[in-house]
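A.B. asks: Build me a model from this:
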Amino acid sequence: MPPRTNDGAASPAEASPPHPIVTCDNYIGGRPVPPSTGSYLPVLDPATQLPVGRVALSASSDVDAAVAAAGLAQPAWAARTARSRCSVLHRFLNLATDHTEELASLIVREGGKNLAEARADVAKGLETVEYAASLPQLLPGAILQVSRGVECRDRRVPLGVVASVVPFNFPLMVPMWTVPIALAAGNAIVVKPSEQVPLTLTRVADLWDRAGLPPGLFGLVQGTGEAARHLLSHPDVSAVTFVGSSDVAERVAAGAGALRRRCVALGGAKNHLIALPDCDPASAAEDIVVSCAGCAGQRCMAASVLILVGDGGGGDDDEARLDDLLARVVRRAAAIEPGLGPGQMGPVASPAARDRIGTYIAEAEGPDGAEVLLDGRSWAGRGPAWIGPTVLLHRSPTDRAVREEVFGPVLSVLRARTWAEAVAIENSSPYGNAAAVYTTSGGAAEWFVERFRASMLGVNVGIPVPREPFSFGGLYGTRSKYGDMDITGDGAVEFFTQRIKVTSRWPAPLGGEGRGEGDGEDKDKDKDKDKDKGEARDAANFAGNM
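C.D. replies: A predicted model of the protein is given here:
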């Protein structure tokens, strides 16, 4: 049966001929390696629920082999200059750019994104590769004479073998948050992809090989949570990164802390958008819908709560403007068609995800008494993983759909009478990933930016993702971030390197060549001159003193 749009017509992006089933083995020592278990899981296209691949189910011995291969390759790689290492990244960047359409096609097939979103997934990932390729200009350390005759300098050295466990929602972008920067810094890296989306990274491994990356430096361990747990706790892994749910992120960080291992674990989010009456309604409505419905709402930067604040002093006019904004949001979201073409919205990750999202909607509509302004459950006839954009008007900020991460195309709307009330709702969230305000007033924007309890903030930008060289990460002390530092950008450079500090003092040798009989007397005179000039004695200089 041909794919359909919401009116029953065939969708061009979905009408492509069938592809062969892709086998996704482990990638160890520069080559595909079947799992020791001999077992595989099917990989399903979320849009059709038909198989597009099969992914290896790895055992702990497979993880051991990947880490061992990485450990063997890493010392020689670290011994190369940063420029030499980054020449491989430049070649990979060129290859991956040439294969953008192929990689985007894989993301559509295994991840359910529309084609434009898949291309953006590739482009954003390669943007980080481009940044990492510039590290020869960014890695040099500092040097300074800190006291008379005493010099301090620092240099960065790699950590060794590092590991990344990455989620399903961005098959290329999220792995590229870590892989290129870790490699450029001189590390070897082993990645555990989501078993739902292994096709893209399997192809990426081949591109690394073609770019000339020495075998073992980039490894893939396929499988489920068992493989991930063994990789994250492996004694020969020096640092770990994780992106996924908050509950797992917390456990990953706790485990790494117990092993005295560097870790950044990014969890979930509940991102709030605050709209003031003076905002531009057309621009804001478009941006809000893209934020909440783009990628089917399956991203940690997606908008999930919209707060309409009527404290502009305009009385009924303010309320009318906010009502107009909400109506525009509902109309724009309702106009989105199901499908995989640009501008359409694809399925969520699985039937289980669709059912979980539907439960939040049903509970909001029932016991919580929210008004369903747009019901995405009408897409159910398209397939078991399809659910459309949904807009809920809530009565209480304590409703479960308002408080918890839904991870789907659901926008919860609240009304607040004052700025302080709106900020209090945002601040009360246990998450702290992103927040944004829509306004044409610079003063209002600054008021909110100073008071948001999140680390990535937007002004008239509903998806305030930092771009390189800025790093990405939630707020410490919230359920959005656990562990150390940030991911991507300068945060990743800091994370994947160790700073070595060297303090040097080179006194003139006694009786050395060129030292005359009067040198000591002249030196004493120089000291007296310094005192006359008012130079303060360096009381903190303990070099050569007791």
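A.B. asks: In stretch 398-412, which residues are buried?
C.D. replies: Within stretch 398-412, the residues scored as buried using 16 or more other CB atoms under 10 Å are 399, 401-403, 405-412. For the C-beta atoms, the positions are set from N, CA and C on the backbone; glycine is no exception.
A.B. asks: Actually, stretch 343-353.
C.D. replies: Neighbour-count burial for stretch 343-353, counted by 16+ other CB under 10 Å, picks out 344-351, 353.
A.B. asks: give me phi/psi at the residue nearest the centre of the chain?
C.D. replies: Centroid check for the chain by CA atoms, centre = their mean gives Val174 as the closest residue, at 5.3 Å. Note on Val174: its backbone torsions stand at phi -70, psi -40 [degrees, to the nearest 10].
A.B. asks: give me phi/psi at the nearest residue to it once chain neighbours are set aside?
C.D. replies: Setting aside the residues directly before and after it, Val174 is nearest to Val166 in space (CB to CB, 6 or more residues apart in numbering), at 4.8 Å. The phi/psi pair for Val166 (degrees, to the nearest 10) reads phi -120, psi 160.
A.B. asks: can you check Thr497 too?
C.D. replies: phi -130, psi 160.
A.B. asks: give me the number of residues near Leu510?
C.D. replies: 8 (other CB atoms under 10 Å).
A.B. asks: Also Ala335?
C.D. replies: When neighbours are defined as other CB under 10 Å, Ala335 has 10 of them.
A.B. asks: So it versus Ala258, what's the distance?
C.D. replies: 51 Å (CB to CB, to the nearest Å).
A.B. asks: domains for the chain, by residue range?
C.D. replies: For the chain, automatic domain parsing gives the domain ranges 27-267+489-498, 271-471.
A.B. asks: Among those domains, which comes closest to Thr478?
C.D. replies: domain 271-471 (3.2 Å; CB to CB).
A.B. asks: How far off centre is the closest one?
C.D. replies: 20 Å (CA atoms, centre = their mean, to the nearest Å).
A.B. asks: from now on call the first residue 372
C.D. replies: Noted, 372 is the first residue going forward, which turns the last one into domain 642-842.
A.B. asks: measure it end to end?
C.D. replies: From its first residue to its last, domain 642-842 covers 18 Å (CA to CA, to the nearest Å).
A.B. asks: quick one on the thing from earlier: quick one: contacts for the residue nearest to the centre of the chain?
C.D. replies: Contacts for Val545 (CB atoms under 8 Å, 6 or more residues apart in numbering) come out as 496, 537-538, 614.
A.B. asks: could these go into JSON lines alongside neighbour count, distance to Asp416 and pLDDT?
C.D. replies: Output for these, formatted as JSON lines (neighbours: other CB atoms under 10 Å; distance: CB to CB, whole Å; pLDDT from 0 to 100):
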{"residue": "Gly496", "neighbour count": "24", "distance to Asp416": "21", "pLDDT": "97"}
{"residue": "Val537", "neighbour count": "26", "distance to Asp416": "20", "pLDDT": "98"}
{"residue": "Pro538", "neighbour count": "22", "distance to Asp416": "18", "pLDDT": "97"}
{"residue": "Val614", "neighbour count": "25", "distance to Asp416": "23", "pLDDT": "97"}
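A.B. asks: Can you add distance to Ala653 and secondary structure and give those residues back as TSV?
C.D. replies: Output for the contacts of Val545, formatted as TSV (distance: CB to CB, whole Å; DSSP: H, G, I helix; E, B strand; the rest coil):
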residue	distance to Ala653	secondary structure
Gly496	31	helix
Val537	37	coil
Pro538	34	coil
Val614	34	strand
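A.B. asks: Of those residues, just say which sits nearest to Thr394.
C.D. replies: Nearest member of these to Thr394, counting by CB to CB, is Val537, at 19.9 Å.
A.B. asks: for the stretch 422-571 of the chain, what spans make up the strands?
C.D. replies: Remark: strands assigned in the stretch 422-571 of the chain by DSSP state E, counting those that start in this stretch are 422-427, 514-518, 521-529, 532-536, 559-563.
A.B. asks: Can you lay out these as CSV showing mean neighbour count?
C.D. replies: Shown next, in CSV, are the strands of the stretch 422-571 of the chain (neighbours: other CB atoms under 10 Å):
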stretch, mean neighbour count
strand 422-427, 22
strand 514-518, 12
strand 521-529, 16
strand 532-536, 27
strand 559-563, 28
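A.B. asks: hmm, back to that, inside helices: which ones of the buried residues of stretch 714-724?
C.D. replies: Counting by DSSP state H, the part of those found in helices is 722, 724.
A.B. asks: so can I have JSON lines of the buried residues of stretch 714-724 showing distance to Ile796 and pLDDT?
C.D. replies: Formatted as JSON lines, those follow (distance: CB to CB, whole Å; pLDDT from 0 to 100):
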{"residue": "Gln715", "distance to Ile796": "32", "pLDDT": "96"}
{"residue": "Met716", "distance to Ile796": "27", "pLDDT": "97"}
{"residue": "Gly717", "distance to Ile796": "31", "pLDDT": "97"}
{"residue": "Pro718", "distance to Ile796": "31", "pLDDT": "98"}
{"residue": "Val719", "distance to Ile796": "26", "pLDDT": "98"}
{"residue": "Ala720", "distance to Ile796": "29", "pLDDT": "97"}
{"residue": "Ser721", "distance to Ile796": "31", "pLDDT": "97"}
{"residue": "Pro722", "distance to Ile796": "33", "pLDDT": "97"}
{"residue": "Ala724", "distance to Ile796": "26", "pLDDT": "97"}
